[in-house]
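# One predicted model, sequence on top.
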Amino acid sequence: MLMRCTITPISGVRCPAASVHRPPLATARRLQPAASGVRRLAASKGGDDGWLSWDDAPEMPRATNGAPAPANGDGAGETEWGDEVQSLADSLRSGQSFDSDTEGAGWDPYFGEEARERCFLVGVALKQQKNKHGYGVHESLEELGRLADTAGLEVVGQTYQMLDEVNPRTYIGSGKVREIMAAVENTGATTVIFDDELSPGQLRNLERALGEEVRLCDRTALILDIFSQRAATREGKLQVELAQSEYQLPRLTRMWSHLERQSGSGQVKGMGEKQIEVDRRLLKGRMARLRRDLDDVRTHRQTYRDRRAAAPIPVVALVGYTNAGKSTLLNSLTGAGVLAEDKLFATLDPTTRRVELPGGKGILFTDTVGFIQKLPTQLVAAFRATLEEIRDAALLLHVVDVSHPSAPAQIDAVNQVLEELGVGNLPTLHVWNKVDACADPDVVRAVAGRREATVCISGLTGEGLPDLLERISAKLADSMVGVHVLIPYAQGELVDEIHRTGVVSSAEFGAAGTEVRAHVPLALAQRLGPLRAATAGVVGVAAHVAAAEAAAAADASAADGSWGCDDEELERLLAAEEVPLS
Ligand SMILES: Nc1nc2c(ncn2[C@@H]2O[C@H](COP(=O)(O)OP(=O)(O)OP(=O)(O)O)[C@@H](O)[C@H]2O)c(=O)[nH]1
Ligand SMILES: [Mg+2]
């Protein structure tokens, strides 16, 4: 089977592998004049970015993969360059995406069509500290390897350097750069992947040092590429493309620097700079369009959410590190048929399914994208709207792969993202999954048994699932807080939110607004606090949000076997929501 690498390279003159969806700028990089031409030009001008001149860069043998030169190789493409610039500009203007299947397929006579692109991994171990989530360099590189594998690359080697701090010019020291060149030569790697996001300056300097034949990639670009491969819905695709554009914007300089370097004097001078400005403007325009399209798609999605809000049923959100087993759990509980596989980021788009609790009450389970340490900020920003659906949840199930050696660090990483999303205070049940895969399951079960709000399960074998549902039932009742509020009509969305996330006992429409008696998640109850102050004086209705009322949440209204939703209507809404938003 032909392994397809759709990696979006930061640099490189060729993309050997086919791409399902390649953003225009990545394509533009492949249109650059051939490597040797760029290197020759680079040598003619002192660098402004680390190396005094090309000759200052470590001189090491460069890897070659034996591939034929591209059609516009070795300076031969100079006359076509202008046309290609124009076509890039046109493509950006029209928002066209390139599909390089025809450009790249089957070109690699050295490794053969069946071969996967070979990559070499590079990390930094900071002497003073592990990274902030407690991931050591070995674990982090191991994870980077899994990411590379998920993207369709073959890892042929790795290295790391102990440093006081990351080298601001080249990420690693110059001696290590030389080592990497040798390793690239020895292993036949064509891509070097760095375990952190490289700054645009680090990228430029490393490109010069490692040579144009070697494609550079960093953790962020790799994750963005996996997301790009996996996004299935229109919203997912738009979000990923926006994140990729944000990543590319400050890195545009590289594309045009060869024009600057050949300027010397005369008419070409400044052309690169102008092109960068043009490109930036075009890319920003494209990003604005993406944001507008996203707004449209989200309005569409909101319609379904609003309709779902009419059915007051608690939502339980599955959150956790990527590959923790969230989708497997959802499938076991509901037969949802969500893709679950031993790859990172198998799930990108949220899926919601109904689950019946003991006693017959229905709740909704939402499976969503997994988190990872060093999660790219661009992705958090782009996926914020999707992730914020977690805020609707009455309860979070934090699913942990307890058999993973880095489980504690993964828990920290997930907690950090939850904090960033402002949902760190939502009631949470800790679900220790994959207990069947632990070396000593009995010990793990015993430890879990001693901990607060922790359940040991195996989503795969079904162990512990009945207990999990009991615990969810109890936790939902526990974590609801009784409120009695008057909500002005102008703040009608709060009524929706109460319906969506809580259990409503009564809702009456009066002259001043909607008077609601309900049990709602503590976080929402706290947000309703100021409302009570605003309404109490007017009509004398008090909103009672004290945590002491939590116990009352398990009252008859929540325990009478129904959350007040119409099952048929709910199923219909869920089915409607599953329709791909295209
Ligand atoms: N041994 C064992 N494997 C499990 C268990 N649960 C899930 N897995 C495996 O773990 C891998 C990842 O499972 P998923 O359900 O896709 O994980 P996820 O959390 O949804 O992952 P993302 O969607 O990438 O965030 C799959 O190969 C599952 O078969 C379990 O309880 N025991
Ligand atoms: Mg999943």
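Thanks, I have the structure now. Numbers count the residues shown, from 1 in each chain. Ligands and ions are numbered 1, 2, ... in the order given.
# Using the three-state scheme, assign L460.
Secondary structure assignment for L460 (DSSP: H, G, I helix; E, B strand; the rest coil): coil.
# begin at 562 from here
Shifting the count to begin at 562 puts that one at L1021.
# residue contacts, it?
By C-beta atoms under 8 Å, 6 or more residues apart in numbering, the residues touching L1021 are G886, T889, S893, K995, D997. In short, each C-beta sits where N, CA and C put it, glycine included.
# can you do 7 Å?
Contact partners of L1021, counting by C-beta atoms under 7 Å, 6 or more residues apart in numbering, are T889, D997.
# Let's see the pLDDT reported for it.
Residue-level confidence at L1021 comes out at 94, pLDDT.
# State the distance from it to A901.
For L1021, the distance to A901 (C-beta to C-beta, to the nearest Å) stands at 9 Å.
# list residues touching both of those two?
T889.
# Strands of the stretch 762-911 of the chain, start to end?
According to DSSP state E, counting those that start in this stretch, the stretch 762-911 of the chain carries its strands in the segments 776-779, 876-881.
# wait, which of those strands is closest to ligand 2?
Minimum separation from ligand 2 across the strands of the stretch 762-911 of the chain (C-beta to the ion) falls at strand 876-881, 8.3 Å.
# ok, residues contacting the closest one?
Outside strand 876-881, the residues that touch it by C-beta under 7 Å, 6+ apart are 887, 890-891, 924-929, 931, 951, 953-961, 975, 979, 1033, 1062.
# could you give the mean pLDDT of that strand?
For strand 876-881, the per-residue pLDDT averages 92.
# Walk me through which strands that strand pairs with, and which way each runs.
Within its sheet, strand 876-881 is paired with strand 923-928 (parallel), strand 956-962 (parallel), according to DSSP bridges.
# worst average pLDDT in those?
When I compare the strands paired with strand 876-881, strand 923-928 is least confident, with a mean of 86.
# Spell out whether it and ligand 2 are in contact.
No: Strand 923-928 lies apart from ligand 2 when judged by C-beta under 5 Å from the ion; the minimum separation is 6.0 Å.
# Okay, the closest residue to D757 other than its chain neighbours and I741: tell me how far apart.
In space, and not counting its chain neighbours, D757 is closest to R780: 5.9 Å by C-beta to C-beta, 6 or more residues apart in numbering. Separation of R780 from I741 (C-beta to C-beta) stands at 16 Å.
# Quick one: name the residues of the protein near ligand 1.
Contact residues, the chain versus ligand 1 (C-beta under 6 Å from any ligand atom): 881, 883-889, 901-903, 905-908, 931, 994-995, 997-998, 1019-1021.
# Now the buried members of those residues.
Among these, those buried by neighbour count (16 or more other C-beta atoms under 10 Å) are 881, 883-889, 901, 905-908, 931, 994-995, 1019-1021.
# May I ask you to name the longest helix in the protein?
Ranked by number of residues, the top helix in the chain under DSSP state H is helix 832-870.
# which stretches of the stretch 712-861 of the chain form helices?
Ranges of helices within the stretch 712-861 of the chain are 735-748, 761-771, 780-791, 795-809, 814-822, 832-870, based on DSSP state H, counting those that start in this stretch.
# Going by mean pLDDT, which of these comes out lowest?
Mean pLDDT is lowest for helix 814-822 among the helices of the stretch 712-861 of the chain, at a mean of 49.
# And the host helix or strand of V1005, what does it pack against?
Secondary structure from DSSP states H and E places V1005 in helix 1002-1011. The helices and strands touching helix 1002-1011, judged by 3 or more C-beta pairs under 7 Å, 6 or more residues apart in numbering; DSSP states H and E, are strand 1015-1017.
# Parallel or antiparallel, list what pairs with the strand it packs on.
Strand 1015-1017 pairs in its sheet with strand 989-994 (parallel), by DSSP bridges.
# which residues sit against the partner strand?
Contacts to strand 989-994, defined as C-beta under 7 Å, 6+ apart, come from residues 885-886, 890, 956-963, 1005, 1009, 1014-1020, 1029, 1032-1033, 1036.
# Repeat the analysis, applying 6 Å as the threshold.
Strand 989-994 is contacted from outside by 886, 957-963, 1009, 1014-1018, 1020, 1036, using C-beta atoms under 6 Å, 6 or more residues apart in numbering.
# Done for today, thanks.
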